[in-house]
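S.K.: Fold the following, please.
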Amino acid sequence: MAGGFADGARPVLTRWSSLRARESRLAWLLTSPTGLVVFGLVIFPAIFSIWISFHDVTLRNLNDVFHAPFVGLENYRNVVNDFAFKFQNLRQWGAAVTSVVYSFAATTLTVLIGLIAALLLNRPFRGRGLTRAIFLFPYVAPIVSVAFVWRWILDPRPSGVLNDILMRLGLIGAPKAYLATRGLALLLVIIFEAWRYFPFAMLMILARLQAVNNALYEAASVDGASAWQKFRNITLPELRYVLGAVFLLRLIWTFNKFDDIFLLTGGGFGTNVLPVLTYQFSFRAFNFGKGAANAMILLGILAIFLIVYARTVMRERG
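M.R.: As a prediction, the model looks like this:
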């Protein structure tokens, strides 16, 4: 029996000491630190947020959060019924509608400006490298610095840059509070978002433009095609999937954006979006369960965007 046991264990020992087994153990050993970091910083917080969204977690029981009372969907009902979340009227959209409008408008404008900039920089001219570097400035500059520069330009006092210029030109008689005017404030944060992140779209589009075969344009020129016909029949089809990918990425990032709006308006004057509302529920009202529920609703809306994109752009590409 002992010999049989030894004979049966020999294949197991052989497999354990084989080159493939050693490589597999080495792979697990090398990837385990990254796996632990991902679990600790991404997977566990995500699962914990879902758990919190179904429990009553406030400052009262924050020191014993794992024994917080289970409330089911009550946090979600409180979020949906909150006046800051739901649509009130045409003047008060609520954070959900404002987030959708802000994200789609800012992303569309970002991609459009990035496309125009890429088309311009794809042409050879003197100082093109310097121009590209200047165009990258909004994207690489720290968000805090550029946000406060914009606040200084739009300052409601007479010393504000825009107010001072317009008053000197006689276009306005008194200083205006641009970021404190409902409607105008949302338009300005959309413009700010497009200005700050168009370099990302520009780089992606420019990289694809430089890979387009010039023979296509030369053949179109021989056939007498105009510049618009070349753009519509050659450039746009070549950029189709890049534009779709850039639009999706920017839409997701914009929908999750917190710092831009928070630094410019704090979410006031019709600019309150879901990420800012999550902060307000969690760290101003100290209702962490409600804040987590709002974050899960944000995640659900993003999932809808992803499904629509996968069923349209990605299916056609496949």
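S.K.: The residue lying closest to Leu59 once chain neighbours are set aside and Asn61, how far apart?
M.R.: Among residues not flanking Leu59 along the chain, Phe286 sits closest, at 4.7 Å (C-beta to C-beta, 6 or more residues apart in numbering). Placement of C-beta: from N, CA and C, glycine included. As for Phe286, its distance to Asn61 is 11 Å (criterion: C-beta to C-beta, to the nearest Å).
S.K.: Run through who's touching the helix or strand containing Phe305.
M.R.: Using DSSP states H and E, Phe305 maps to helix 288-309. With C-beta atoms under 8 Å, 6 or more residues apart in numbering as the test, helix 288-309 has contacts from 49-50, 52-58, 62, 68, 71, 75-76, 78-80, 85, 96, 99-100, 244, 248, 251-252, 255-256, 274-275, 277-283, 285.
S.K.: try stretch 208-215
M.R.: Ala118, Leu119, Asn122, Ile234, Thr235, Glu238, Leu239, Val242.
S.K.: now do 10 Å
M.R.: Stretch 208-215 is touched from outside by 115, 118-119, 121-122, 219, 234-235, 237-243, 245-246, with contacts defined as C-beta atoms under 10 Å, 6 or more residues apart in numbering.
S.K.: Which positions within stretch 271-284 qualify as buried?
M.R.: Thr271, Asn272, Val273, Leu274, Pro275, Val276, Leu277, Thr278, Tyr279, Gln280, Phe281, Ser282 (16 or more other C-beta atoms under 10 Å).
S.K.: Give me the local confidence score for the fourth one.
M.R.: In the prediction, the pLDDT value recorded for Leu274 is 92.
S.K.: In PyMOL, how would I select the buried members of the contacts of helix 288-309?
M.R.: PyMOL command restricting these to the buried ones, with burial defined by 16+ other C-beta under 10 Å:
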select buried, resi 49+52+53+54+55+56+57+68+71+75+76+78+79+85+96+99+100+244+248+251+252+255+256+274+275+277+278+279+280+281+282
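S.K.: mind listing which of the contacts of helix 288-309 are in helices?
M.R.: Here DSSP state H is the test, and the contacts of helix 288-309 give 49-50, 52-53, 75-76, 78-80, 96, 99-100, 244, 248, 251-252, 255, 274-275, 277-283 as lying in helices.
S.K.: Need the CA coordinates for the helix or strand that contains Trp228. PDB is fine.
M.R.: If you go by DSSP H and E, Trp228 is part of helix 227-230. C-alpha atoms of helix 227-230 as PDB (Å, rounded to 0.1, in the frame of the first residue of the first chain):
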ATOM      1  CA  ALA A 227     -12.600  69.800 -49.500                       C
ATOM      2  CA  TRP A 228     -16.000  69.100 -48.000                       C
ATOM      3  CA  GLN A 229     -16.500  66.000 -50.100                       C
ATOM      4  CA  LYS A 230     -13.100  64.700 -49.000                       C
END
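S.K.: now what about it, what contacts it?
M.R.: By C-beta under 10 Å, 6+ apart, helix 227-230 touches Leu216, Tyr217, Ala220, Ser221, Asp223, Thr235, Leu236.
S.K.: mean confidence score for it?
M.R.: Confidence over helix 227-230 (mean pLDDT, whole number) is 88.
S.K.: same question, stretch 43-61
M.R.: pLDDT averaged over stretch 43-61 gives 90.
S.K.: Off-centre distance for that stretch?
M.R.: 23 Å (C-alpha atoms, centre = their mean, to the nearest Å).
S.K.: what's the first-to-last distance across that stretch?
M.R.: Stretch 43-61 has an end-to-end distance of 24 Å (C-alpha to C-alpha, to the nearest Å).
S.K.: What of stretch 270-286?
M.R.: End to end - C-alpha to C-alpha - stretch 270-286 spans 22 Å.
S.K.: Check the offset of it from the chain's centre.
M.R.: With C-alpha atoms, centre = their mean, you get 17 Å for stretch 270-286.
S.K.: Stretch 277-296 too?
M.R.: Worked out by C-alpha atoms, centre = their mean, stretch 277-296 lies 19 Å from the chain centre.
S.K.: And that stretch, end to end?
M.R.: Taking C-alpha to C-alpha as the criterion, the two ends of stretch 277-296 lie 12 Å apart.
S.K.: So Ile191 sits against Ala106, correct?
M.R.: Yes. Using C-beta atoms under 10 Å, Ile191 makes contact with Ala106 at a distance of 8.3 Å.
S.K.: Show me which of the two is the more surrounded one.
M.R.: Between Ile191 and Ala106, counting by other C-beta atoms under 10 Å, Ala106 is the more crowded of the two (26 against 15).
S.K.: roughly how far apart are that one and Phe198?
M.R.: Counting by C-beta to C-beta, the gap from Ala106 to Phe198 is 10 Å.
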